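In: Sequence and predicted structure, then a few things I'm wondering about:
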Number of protein chains: 2
Amino acid sequence: MSAPQPMVELWRGGLLESTHAGHAVIWGPGGIEAAWGDPSTVIFPRSSCKMIQALPLIETGAADAVGLTEAHLALACASHQGEARHVRLASDWLTSIGLSEPDLRCGSHEPYDHAERNRLIKNDESPCQLHNNCSGKHCGFLTVTRHIGAGPEYIEIDHPLQHAIRAATEETTGEAVAGWGIDGCSAPNFAVSVAGLARAMQAFAAASGSGGVRHRAMHRLARAMATYPELVAGEGEATTELMQAMGGRVALKYGAEAVFTAILPEKQLGIALKIADGGKRASETAIATLLVRAGVLDRDHPVAKSYLKAIQWNRRHIAAAGLVSAPGFPG
Amino acid sequence: MSAPQPMVELWRGGLLESTHAGHAVIWGPGGIEAAWGDPSTVIFPRSSCKMIQALPLIETGAADAVGLTEAHLALACASHQGEARHVRLASDWLTSIGLSEPDLRCGSHEPYDHAERNRLIKNDESPCQLHNNCSGKHCGFLTVTRHIGAGPEYIEIDHPLQHAIRAATEETTGEAVAGWGIDGCSAPNFAVSVAGLARAMQAFAAASGSGGVRHRAMHRLARAMATYPELVAGEGEATTELMQAMGGRVALKYGAEAVFTAILPEKQLGIALKIADGGKRASETAIATLLVRAGVLDRDHPVAKSYLKAIQWNRRHIAAAGLVSAPGFPG
């Protein structure tokens, strides 16, 4: 196993302050087109594989049976900020299938969105499970569970839904899962290689709306994500801002511990990357760099520039400190 | 230059998820006693060197001229959470020297402390410069500036205060500074090696209250930090919790981008470490590991255990994921 490759550097006052290394793969129609670090590194995709976890939602017929829209499908693939619109969409979704918040198994956390956070604080309200960044995924899980008549504990590893997700993971990545762990939202997360994850993303990129069940499901999910970037993450998030900067041409997804996946239909490419230390900021700079390299992100777009050279928060920092991609990394 | 050494690992479901590498030095009376990674690596100490930056406050006579207490000295060395007690102490300090909040040059940010943050939100108040985690350091800077009759722009690199800090840095680390950058609070921060920073911490550890001006100043600052751990950081912070767990025997300080320093008077040891990727969580696990190794932290203390194996936030995580120090690192 090769070491992760230095990818992103933080400079301050002309001196190197911190560095991030990682693994990345670009998968094309003929296999690996480019790789950095070790493509065989086993990772937890975390939320970066939510489009794979959403495949049973379409393939079982559950989504169409209850008339889910593209917005619902985008939310099923989301790690959202808990903005009012995210919470409302998830809540209405549950109501429409005869369920409610206590049926979720994702737990709750303070919403990342400051407007909604501040509203809760001002009203002395606690966050609920709908605020959990994974609540859309769990709405999808419940929709499948209800459709196939399975038991309510849909996050158990032996639940039929998780069996279906495991199968979809192995079929799209082309490899047996290396193991599984419990994700932040209490659901299982299957471990795969960086190359396998990129291969799965390429399958999404190559899928058309006129293929078989799997291909049509992939096509719908990737299109839903690219069409509703504001539902897949939220304001200020790289996932959303970079998708918006690319105008619906690419579906992008962040996963905890610095994983990023990208689906590039017009290029028939899939991308997966993992920053070894789990540093989110570095994964954002790295994915922006790879999207520029792949020809789908304009390096002069203000959003692209902000992630290619992420600046810090304080007033005199702008000239003094910047996150920049390393010279050896494709720029 | 050797590479940083793997130090801290995040495991999930029995698989390695993320890794952190770094540099660390334990300096004793005879020089380097132990080192990991490359002791000569140049780093920005960031806030981990606030006790060095506070030396002019005592050595110029400014602290005694205005009757500062040990609590004030602890706050001068602090990266505080912006708790009500921190804000009040800083505010009263400024008043006592005839100055006020607008004289600070640290800028403002939302306080890390949730009680104070929520109070501001509920009252539609904005955070002020007193909430800045560095406001105590800046109160100290203003106290020196006023005492020596220098100009109000005390954060300029050519200000007499910054000259004095640079000299104190070079004298305590035993090396010429490698450069400087602007810290998060707009003040200069001088770059030194990890070994030099550990050497400076050893000088603090060896200083007695009966030595010369420099020794007495070092002794007072280290004692103030160890006596008031809750002022040096705040509730829930590793700096505070680990100092409390060691019962005043050690002065500890975190610096942004994953730097930690420790002053161990009874062992005559100084410690400095830097996690190369800037990951705070890893620096906490690493410093706890080194404090256990040095014989000042009981590995079975609940606080020690929580940092030696830091767990994540969600309900089913506890069994599933943990930050643990790597086998090769002193455990």
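Out: The structure has been received and is ready for your questions.
In: near chain B, which residues of the stretch 1-150 of chain A?
Out: For the stretch 1-150 of chain A, the residues found near chain B under the criterion Cβ under 8 Å from any Cβ of the partner chain are A:10, A:12-15, A:17-21, A:42-44, A:107, A:109, A:118, A:121-122. Heads up, the C-betas are built off the backbone N, CA and C, glycines and all.
In: Quick one: end-to-end length of stretch A:27-47, please.
Out: End-to-end distance for stretch A:27-47: 20 Å, by Cα to Cα, to the nearest Å.
In: Check which residues of that stretch are buried.
Out: Burial within stretch A:27-47, assessed by neighbour count using 16 or more other Cβ atoms under 10 Å in any protein chain shown, is assigned to A:27-28, A:33-39, A:41-47.
In: Packing partners of the helix or strand where residue A:198 lies?
Out: Taking DSSP states H and E as the definition, one finds residue A:198 inside helix A:194-206. Using 3 or more Cβ pairs under 8 Å, 6 or more residues apart in numbering or on different chains; DSSP states H and E as the contact criterion, the secondary-structure elements in contact with helix A:194-206 are strand A:15-28, strand A:31-36, helix A:160-173, helix A:213-227, strand A:259-264, strand A:269-275.
In: Can I get the helix or strand that the fourth one is followed by as PDB, trimmed to CA atoms?
Out: Per DSSP H and E, helix A:213-227 leads on to helix A:229-232 as the next helix or strand towards the C-terminus. Output of helix A:229-232 as PDB, limited to C-alpha atoms (Å, rounded to 0.1, in the frame of the first residue of the first chain):
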ATOM      1  CA  PRO A 229     -27.600  21.400  -5.200                       C
ATOM      2  CA  GLU A 230     -29.200  23.500  -2.400                       C
ATOM      3  CA  LEU A 231     -31.000  20.400  -1.100                       C
ATOM      4  CA  VAL A 232     -27.900  18.100  -1.200                       C
END
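In: ok, residues contacting the following helix or strand past helix A:229-232?
Out: For helix A:229-232, the following helix or strand on the C-terminal side (DSSP H and E) is helix A:238-245. By Cβ atoms under 8 Å, 6 or more residues apart in numbering or on different chains, the surrounding residues in contact with helix A:238-245 are A:79, A:225-226, A:229-230, A:232-234, A:250-254, A:284, A:287-288, A:291, A:297-298, A:301, A:303-304, A:306-307.
In: swap in stretch A:87-96?
Out: Applying Cβ under 8 Å, 6+ apart, the contact partners of stretch A:87-96 are A:66-68, A:71-72, A:75, A:100-101, A:103-104, A:111, A:116, A:130-131, A:135-136, A:139, A:142-143, A:231.
In: Residues contacting stretch A:113-125, please?
Out: Stretch A:113-125 is contacted by residues A:81-84, A:86-87, A:110-111, A:126-127, A:131, A:234-235, B:118, B:121-122 when judged by Cβ under 8 Å, 6+ apart.
In: Mind doing that once more with 10 Å?
Out: Judged by Cβ atoms under 10 Å, 6 or more residues apart in numbering or on different chains, the contacts made with stretch A:113-125 from elsewhere in the structure are A:80-87, A:110-111, A:126-128, A:131, A:133, A:234-237, B:110, B:114, B:117-124.
In: Can you mark which positions in that stretch are buried?
Out: Of the residues in stretch A:113-125, A:113, A:116-118, A:120-121 count as buried by neighbour count, 16+ other Cβ under 10 Å.
In: what's the answer for stretch A:221-236, then?
Out: Of the residues in stretch A:221-236, those buried under the neighbour-count criterion (16+ other Cβ under 10 Å) are A:221-234.
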